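>>> show me how the following folds:
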Amino acid sequence: MPFVTLTTNLSSEKVDKAFSESFSEKLAETLGKPIERISVTVVAGQQMCRGGSWDPLCEVHVLAIGLDSAEKTQKPAEEITKFLSDRTGIQPARICLTFRPVLPHQVSVNGALMG
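Okay, the predicted model is just below:
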């Protein structure tokens, strides 16, 4: 049950609904989860500065069951970065990701815990 938040200084026109849908598909493929379980929130148009520069950038925060080692996050980090750079034009060095594992008993959908 991945929860993914992408925050960027790009305008909402550049990261629109179609972008969110294709990002959801890429996340499902990359994380090996059914798309029905992927939740994506895009926060666009933010005042974001990295390294003293206002050039386009984004931060992606992924919370998911099972992302508890470098072996499980390295490939997704590479694939998500490439997807975002290709789709948005943001340079890979300005795409930052965090992965946080959650336990099944910490996630609920429709009132039922995932484990």
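
>>> rest of the way, CA atoms for contacts and neighbours
Noted.

>>> how far away from the center of its chain is the lengthiest helix in the chain?
Assignment by DSSP state H gives helix 70-88 as the longest helix of the chain. Between the centre of helix 70-88 and the centre of its chain there are 9 Å (Cα atoms, centre = their mean, to the nearest Å).

>>> and what about residue 61, helix, strand or coil?
At residue 61 the chain is in strand, as set by DSSP: H, G, I helix; E, B strand; the rest coil.

>>> quick check: residue 7 vs residue 101, distance?
19 Å (Cα to Cα, to the nearest Å).

>>> more neighbours: the two, which one.
Neighbour count, other Cα atoms under 10 Å: between residue 7 and residue 101, residue 7 has more, with 19 against 14.

>>> so what's the residue count around the closest residue to that one other than its chain neighbours?
Once flanking residues are discounted, residue 7 sits nearest to residue 43: 4.6 Å by Cα to Cα, 6 or more residues apart in numbering. Residue 43 has 17 neighbours, counted by other Cα under 10 Å.
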